[in-house]
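Colleague: fold the following and give me the result.
(one chain, ligands or ions: 1)
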Amino acid sequence: MLRLDEIIRGSGKYTRKQIIALVNEGRVTVNGALAEAISQRCEPSWEICVDGEQVVMEPPICIMMNKPAGWLTATESQKEPPITDLLEPRLRHLFPVGRLDLDSEGLILLTNDGGLCHRVIMPAEQITKEYYIEVTGQFRPDTAQRFRDGLEADNGLLCLPAEIEIAEDDKSAVVRITEGKRHQVKRMAAACGARVRYLKRLAIGKLRLDESLKPGEYRPLTDAEIALIFQ
Ligand code: URA
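Modeller: Model (predicted):
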């Protein structure tokens with residue numbers, strides 16, 4: 001089952017903000033009954049109508065973007081520009097799959113497919129995300145072991161076992177985690193004595209960032225590339 005707003009977003013006609021207003025104004029029905037909330041769970045096959053007109057989902061699209069630093073992983077924002085502003089107008093209704101921090105760069109997926117989004121971010125799927133980081137400070141000698149064991153970061157943040165390959169000069173590393181908790185990589189590094197000053201996501205599952213994409217550029221994924229996420 002998907003959230004009602006994900007299904008309506010899949011029509012490509014409305015932003016999340018517009019959907020919230022439509023539901024609050026009582027203009028959305030689910031199988032003939034007034035919609036309760038944007039978070040209401042629905043099957044895509046159910047009859048969902050806006051102003052009495054049935055919502056038709058567009059064919060699924062998924063793109064990869066090389067997110068530049070300074071852009072917010074969001075579809076709307078008051079302060080920093082949202083990454084959807086980097087898209088051509090016909091793609092601006094796509095929504096990001098998971099999140100990269102404002103100052104982070106690299107692979108981010110955007111889609112109109114709520115089901116795909118769920119599968120990628122659901123903790124149960126345990127999809128590995130790979131990051132390149134540059135740090136200040138010094139990793140403690142037991143860092144790799146603590147990553148392997150699963151460590152506790154600040155505020156009691158419990159992290160599942162992960163991997164870190166620290167470069168010989170101790171200034172950069174490649175990290176692989178299977179979760180997506182808030183600022184997780186930065187917090188795991190901080191728990192081991194290092195402060196992340198640069199972070200770039202390189203891969204989600206076996207899908208790697210197309211390095212020919214300059215920051216801010218994007219391109220559609222093929223079905224074979226989408227399958228790589230789940231391998
Ligand atoms: N972990 C972080 O700390 N930041 C990101 O942007 C992604 C993973």
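
Colleague: give the contact list for the residue nearest the centre of the chain.
Modeller: Nearest to the mean C-alpha position of the chain, counting by C-alpha atoms, centre = their mean, stands Gly98 at 1.6 Å. By C-beta atoms under 8 Å, 6 or more residues apart in numbering, the contact set of Gly98 is Thr73, Ile108, Leu109, Val120, Ile121, Gly180. Every residue, glycine included, has its C-beta placed from N, CA and C.

Colleague: so the closest residue to the second one other than its chain neighbours bridges to which residues?
Modeller: So the one you mean is Ile108. Of all residues not flanking Ile108 in the chain, Lys67 sits nearest, at 4.5 Å (C-beta to C-beta, 6 or more residues apart in numbering). Assessed by DSSP bridges, Lys67 has beta-bridge partners Gly106.

Colleague: Tyr132 against Lys200, yeah?
Modeller: Yes. Applying C-beta atoms under 8 Å, one finds Tyr132 in contact with Lys200, separated by 4.9 Å.

Colleague: okay, and the common contacts of these two?
Modeller: Jointly contacting Tyr132 and Lys200 under the rule C-beta under 8 Å, 6+ apart are Gly106.

Colleague: hang on, the earlier thing: right, and the residue nearest to Ile108 touches Leu213 too?
Modeller: No. Contact between Lys67 and Leu213 fails when scored by C-beta under 8 Å: they sit 9.9 Å apart.

Colleague: more neighbours, those two?
Modeller: Higher neighbour count among Lys67 and Leu213: Lys67, with 28 against 16, using other C-beta atoms under 10 Å.

Colleague: who in this structure is up against the ligand?
Modeller: Leu100, Asp101, Ser104, His183, Gln184, Val185, Lys186, Leu199 (C-beta under 6 Å from any ligand atom).

Colleague: just those residues: which are in helices?
Modeller: Among the residues of the chain next to the ligand, the ones falling in helices (DSSP state H) are Gln184, Val185, Lys186.

Colleague: most neighbours among those, please name it.
Modeller: When neighbours are counted by other C-beta under 10 Å, Val185 leads those with 25 neighbours.

Colleague: my read is that that residue contacts Val196, right?
Modeller: Yes. Val185 is within contact range of Val196, at 6.5 Å (criterion: C-beta under 8 Å).
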